[in-house]
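K.L.:
Make a model of this:
(2 chains)
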Protein chains: 2
Amino acid sequence: MADLPKSVRINEEGPREGFQIESGDIPTARKIELINALSETGIHHMQIVSFVNPKRVPGMADAEQVVAGIKVNPAVDYTGLWLNEKGLERARASGRLKMEGRIALCASEKFLKRNNNKSFSEQDAYNHRAIAEFNQHGIPIQRASIMASFGCNFEGDIAPATVVGMVDRAHTIAAEYAIDIGVLSLADTMAWATPLSIKRVVGAIRERYPDLRISLHLHDTRGMAIANAYAGLEMGIDMFDASVAGLGGCPFAGHKSAAGNVCTEDLVFMCEEMGIDTGINLEKLLECARLAEDIVGHPLPGSVMRGGSLARLRSAVQ
Amino acid sequence: MADLPKSVRINEEGPREGFQIESGDIPTARKIELINALSETGIHHMQIVSFVNPKRVPGMADAEQVVAGIKVNPAVDYTGLWLNEKGLERARASGRLKMEGRIALCASEKFLKRNNNKSFSEQDAYNHRAIAEFNQHGIPIQRASIMASFGCNFEGDIAPATVVGMVDRAHTIAAEYAIDIGVLSLADTMAWATPLSIKRVVGAIRERYPDLRISLHLHDTRGMAIANAYAGLEMGIDMFDASVAGLGGCPFAGHKSAAGNVCTEDLVFMCEEMGIDTGINLEKLLECARLAEDIVGHPLPGSVMRGGSLARLRSAVQ
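P.N.:
Residues are numbered from 1 along each chain as shown, chains lettered A, B, ... in the order given. Below you'll find the predicted structure:
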């Protein structure tokens, strides 16, 4: 209990995670409506679009229009996702996003091959090219990320030592460019993590890199995301990606309300109820979650949006 | 991590929790079908019906027929729920249920008043009458239960000391009848618990009663149930009520797939993946979860039933 952080920083990914998996018929104005509403909740960091091939991801074909249409809250860092040089160019050209470089790694070579069509060494080469590009455009690089850090559908279990090896690899690359990896992002890309494996992997990394700040990206495909987040909190982790209403879906799921990222408002509820400051107004966030459900037009997996906060019950009692 | 138990005992409550909240048009044969399927999963303890007023709970009007119709697996203890003398008579008359007496308490007098129309002292009197009746019929009493142990919609937060006081009260009653309270069941009746409050309440009880075995009954109205179960495991708790597919629903929820008890197969998945033996065959249980969804005719909140187990992915890798 003693290790719980005093505050956490939540990176909202609902608009990007959610709208990229929807079928593409959501009006741009409604996406903007959700982003604008989220901007007023106290969230300080939000990934709102991805710059990917519109033929493959029709739900993100309007990424530029979304970015151009939002009402920018100066207190919020808005970011986008890209997977290649063309995407990076589009993100830069949008002009309103905070550009964040990263060293991108994957703990499973089989997944890397399937997802990115690269071997480990080809991914290293990609990172060198990407760093050159970030440097050329003055984009700061303060993060390394590791996909499939807790298991892989194509490779099976991933040993904590393998993940530590990937952190070593990130540091080797970073050292060449005098990059300070401020944050290490561990992604449970295929939802293999349990609270115990969160503790084991984080613990193994901490042994070797005690000062590295770790962020968790947790998928909820098997219902473990909130328990995994709690295990992270117990390890002192204070950065999480999350998705309002649990937006995101999952290709494994039989219906769209079954998965997605850890739900932002459920995570905020858990943190605030345990005395951990998120800086986010839960009631406003719950309104955003209900708005998200209205926009996508089908049930989303969030729980507190249905069960309601305890603050309202407490004030009714008093 | 060191405190995780080696094995847990899960009490399945899906048939009782689930069918009592459904509208009452589920054929008796289908209820029996699910109970029979659950009987073959390795579950050893299952609450299958409640003997309550059929006018108030039409979904349980066929309780006797359900009990009479199941194919009894001798390895399974089948139980029923009752709330008064009449219900107890019906349960006894069914002839096939394992009868289990308990001392029933509630940490919130306001909830007790609303739910059971009794004050604390009236509840004490009820317990004395119930114990007399259990003794008269040779029904063993090996459990005390405390509703609203983590918070109450009508009273607000419940202090750990209040719950400890209720455990004292249970022991005072038990001492009069030389009852050994083998198990203390803590219910998060209105879903107020967080992992931290689970640890605080369990910790406070453990300080005073280090040898008392504790069982948790966790509602998932606010999405915390699996994290709360994990917090319980970390405290060494090895008994849980759970509900296949998350059957149960919740009067607070806007739609029926939003709540219920902690989902049995998600709990089994988490335990088994962390090396904790449940004695339950997850794949068979997942089939039961899908059967439950087919029977109720609407989505249920279970996650692993959609995401699938990891055992299958592992065997595909090898």
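K.L.:
going forward, measure contacts and count neighbours with C-alpha atoms only.
P.N.:
OK.
K.L.:
name the element the residue of the stretch 201-318 of chain A found nearest chain B belongs to?
P.N.:
For the stretch 201-318 of chain A, the residue closest to chain B is A:Ala227, as judged by C-alpha to the nearest C-alpha, at 3.9 Å. Per DSSP states H and E: A:Ala227 is located in helix A:225-234.
K.L.:
Buried residues of that helix, list them for me.
P.N.:
Under the neighbour-count criterion of 16 or more other C-alpha atoms under 10 Å in any protein chain shown, helix A:225-234 has A:225-234 buried.
K.L.:
just checking, what packs against it?
P.N.:
Under the contact criterion of 3 or more C-alpha pairs under 8 Å, 6 or more residues apart in numbering or on different chains; DSSP states H and E, helix A:225-234 touches helix A:195-208, strand A:213-218, helix A:264-273, helix B:225-234.
K.L.:
6 Å instead?
P.N.:
With contacts taken as 3 or more C-alpha pairs under 6 Å, 6 or more residues apart in numbering or on different chains; DSSP states H and E, helix A:225-234 sits against no other helix or strand.
K.L.:
Let me know the angle separating that helix from helix A:195-208.
P.N.:
For helix A:225-234 against helix A:195-208, the angle by axes from the mean of the first three to the mean of the last three C-alpha atoms, to 10 degrees is 30 degrees.
K.L.:
Could you list the residues of chain A in contact with chain B?
P.N.:
A:153, A:156, A:221-223, A:227, A:252-254, A:303-304, A:306-307, A:313-314 (C-alpha under 6 Å from any C-alpha of the partner chain).
K.L.:
Need the max-distance pair from those residues.
P.N.:
A:Gly156 and A:Arg314 (45.7 Å; C-alpha to C-alpha).
K.L.:
Drop anything exposed from the residues of chain A next to chain B.
P.N.:
Buried among those (16+ other C-alpha under 10 Å): A:153, A:156, A:221-223, A:227, A:253, A:303-304, A:306-307, A:313-314.
K.L.:
excluding its backbone neighbours, what's nearest the spatially most central residue of chain A?
P.N.:
By C-alpha atoms, centre = their mean, chain A has its centre lying nearest to A:Asp241, at 3.5 Å. With sequence-adjacent residues excluded and distances taken as C-alpha to C-alpha, 6 or more residues apart in numbering or on different chains, A:Asp241 is closest to A:Asn11, at 4.6 Å.
K.L.:
Just say helix, strand or coil for the one you found.
P.N.:
Of the three states, A:Asn11 takes strand under DSSP: H, G, I helix; E, B strand; the rest coil.
K.L.:
Below-threshold pLDDT in the stretch 201-318 of chain A: ranges please.
P.N.:
Applying pLDDT under 70 to the stretch 201-318 of chain A flags residues A:249-259, A:318.
K.L.:
A:Ala242: helix or strand, and which one exactly?
P.N.:
According to DSSP H and E, A:Ala242 maps onto strand A:239-242.
K.L.:
List the residues that contact the residue of the stretch 51-200 of chain A found nearest chain B.
P.N.:
Going by C-alpha to the nearest C-alpha, chain B is nearest to A:Gly156 of the stretch 51-200 of chain A, at 5.3 Å. By C-alpha atoms under 6 Å, 6 or more residues apart in numbering or on different chains, A:Gly156 lies in contact with B:Arg314.
K.L.:
Would you confirm that A:Val49 contacts A:Gly14?
P.N.:
No. Judged on C-alpha atoms under 6 Å, A:Val49 makes no contact with A:Gly14 at a distance of 9.5 Å.
K.L.:
Check the gap between A:Gly223 and B:Ala125 for me.
P.N.:
Going from A:Gly223 to B:Ala125 by C-alpha to C-alpha, to the nearest Å gives 42 Å.
K.L.:
Equivalent analysis for A:Cys288, please.
P.N.:
Distance of A:Cys288 to B:Ala125, computed by C-alpha to C-alpha: 48 Å.
K.L.:
quick one: which of these two has more around it?
P.N.:
Between A:Cys288 and B:Ala125, counting by other C-alpha atoms under 10 Å in any protein chain shown, A:Cys288 is the more crowded of the two (25 against 14).
K.L.:
Find the helix or strand that that one is a member of.
P.N.:
Element membership for A:Cys288, per DSSP H and E: helix A:282-296.
K.L.:
quick one, phi/psi of A:Asp62?
P.N.:
Main-chain torsions, A:Asp62, degrees, to the nearest 10: phi -100, psi 30.
K.L.:
leaving aside the residues next to it on the chain, what's closest to it?
P.N.:
A:Asp62 sits nearest to A:Thr28 (C-alpha to C-alpha, 6+ apart), 6.8 Å away.
K.L.:
Can you get me a residue count around the one you found?
P.N.:
Neighbour count for A:Thr28, taken as other C-alpha under 10 Å: 18.
K.L.:
Phi, psi for A:Met60 please.
P.N.:
According to degrees, to the nearest 10, A:Met60 has phi -110, psi 10.
K.L.:
Is it in contact with A:Gln20, as I believe?
P.N.:
Yes. Proximity of A:Met60 to A:Gln20 meets the contact threshold set by C-alpha under 6 Å, at 5.4 Å.
K.L.:
Can I get stretch A:265-285 as CSV, trimmed to CA atoms?
P.N.:
These are the backbone C-alpha positions of stretch A:265-285, laid out as CSV (Å, rounded to 0.1, in the frame of the first residue of the first chain):
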residue,chain,number,x,y,z
GLU,A,265,-13.1,7.1,-16.0
ASP,A,266,-12.9,3.7,-14.3
LEU,A,267,-9.2,4.3,-13.8
VAL,A,268,-9.8,7.9,-12.6
PHE,A,269,-12.5,6.6,-10.2
MET,A,270,-10.1,3.9,-8.8
CYS,A,271,-7.3,6.4,-8.4
GLU,A,272,-9.3,9.2,-6.8
GLU,A,273,-11.1,6.8,-4.5
MET,A,274,-7.7,5.6,-3.3
GLY,A,275,-6.5,9.1,-2.7
ILE,A,276,-4.4,9.3,-5.9
ASP,A,277,-4.7,12.7,-7.7
THR,A,278,-5.5,12.5,-11.4
GLY,A,279,-6.2,16.2,-12.0
ILE,A,280,-9.3,15.1,-13.8
ASN,A,281,-12.9,16.0,-13.0
LEU,A,282,-14.7,12.6,-12.9
GLU,A,283,-18.2,13.9,-13.3
LYS,A,284,-17.2,15.8,-16.5
LEU,A,285,-15.4,12.7,-17.7
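K.L.:
For that stretch, report the contacting residues that lie outside it.
P.N.:
If you take C-alpha under 6 Å, 6+ apart as the criterion, stretch A:265-285 is touched by A:6-8, A:41-43, A:304.
K.L.:
let's go with 8 Å and repeat that
P.N.:
For stretch A:265-285, contacts defined as C-alpha atoms under 8 Å, 6 or more residues apart in numbering or on different chains pick out A:4-10, A:38, A:40-43, A:226, A:229, A:242, A:244-245, A:286, A:289, A:302-305, A:309, B:194, B:196-197, B:222-224.
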